[in-house]
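Asks: Predicted model and sequence below, questions to follow.
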Amino acid sequence: MLQEDFHIPHVMIVGKLHSLFTRTEKKWYYKMRQEHGNYDWLWWKSEIITKWANDSWKFIMKNAFGNAIFHSDKDKPLTWFLKNKDRVSALAPDMSDSRINMKIFRKCGGELEHATKCRCVETCS
């Protein structure tokens, strides 16, 4: 996306990968760099897709979203929402923002779900 949209050189994109990844992803990235050396963005993009865009990963994301229920006493609303938005976006990249939002708000239930449905601009059924 960055390369096509902003014409950012591959070297700059690859140089930012270490700061974009966290925990497990960062360990994987450093291990791959140590084993394979420096490659351009297209190589890294292919490796990232191979590593995480597989059926097992999708199954984990789908289950994580399925089990995600908002609890106002223990979850921070923005953190919970963004985490689940990332999950849904990863599983359905072509889904519109309003449909993603409705899918997430349905996980909240109660008055919040009702209030969201009442204010939905599109047909969000």
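Replies: Ah, there it is.
Asks: Domains in this protein, by residue range?
Replies: The record's domain split for the chain, according to automatic domain parsing, is 2-52, 55-119.
Asks: Tell me the buried residues in stretch 40-54?
Replies: 41, 44-45, 48 (16 or more other C-beta atoms under 10 Å). Bear in mind the C-beta positions are built from the backbone N, C-alpha and C, glycine included.
Asks: Turn the domains of the chain into TSV, including mean pLDDT.
Replies: Compiled in TSV, the domains of the chain are given as follows (pLDDT from 0 to 100):
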stretch	mean pLDDT
domain 2-52	84
domain 55-119	84
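Asks: Go ahead and name everything in contact with stretch 40-52.
Replies: With C-beta atoms under 8 Å, 6 or more residues apart in numbering as the test, stretch 40-52 has contacts from 3, 10-11, 13-14, 17, 28, 32.
Asks: Show me those that map onto helices.
Replies: 3, 10-11, 13-14, 17, 28, 32 (DSSP state H).
Asks: can you tell me which helix or strand the residue positioned nearest the centre of the chain belongs to?
Replies: Central residue of the chain (C-alpha atoms, centre = their mean): Asp86, 2.9 Å from the mean position. In this assignment (DSSP states H and E), Asp86 forms part of helix 77-91.
Asks: same check, this time on Asp94
Replies: Residue-wise, Asp94 maps onto no helix or strand under DSSP H and E.
Asks: number of nearby residues for it?
Replies: Residues contacting Asp94 under the criterion other C-beta atoms under 10 Å number 6.
Asks: before we move on, back to that, what's the separation between the residue nearest to the centre of the chain and Ile13?
Replies: 20 Å (C-beta to C-beta, to the nearest Å).
Asks: residues contacting Val14?
Replies: For Val14, the contacting residues are 38-41, 44, by C-beta under 8 Å, 6+ apart.
Asks: how far away is it from Asn63?
Replies: 32 Å.
Asks: Please apply the same query to Asp55.
Replies: 12 Å.
Asks: next one: Asn84
Replies: Taken as C-beta to C-beta, the span from Asn84 to Asn63 is 13 Å.
Asks: When those two are compared, which one has more neighbours?
Replies: Taking neighbours as other C-beta under 10 Å, Asn84 and Asn63 compare with Asn84 leading, 19 against 11.
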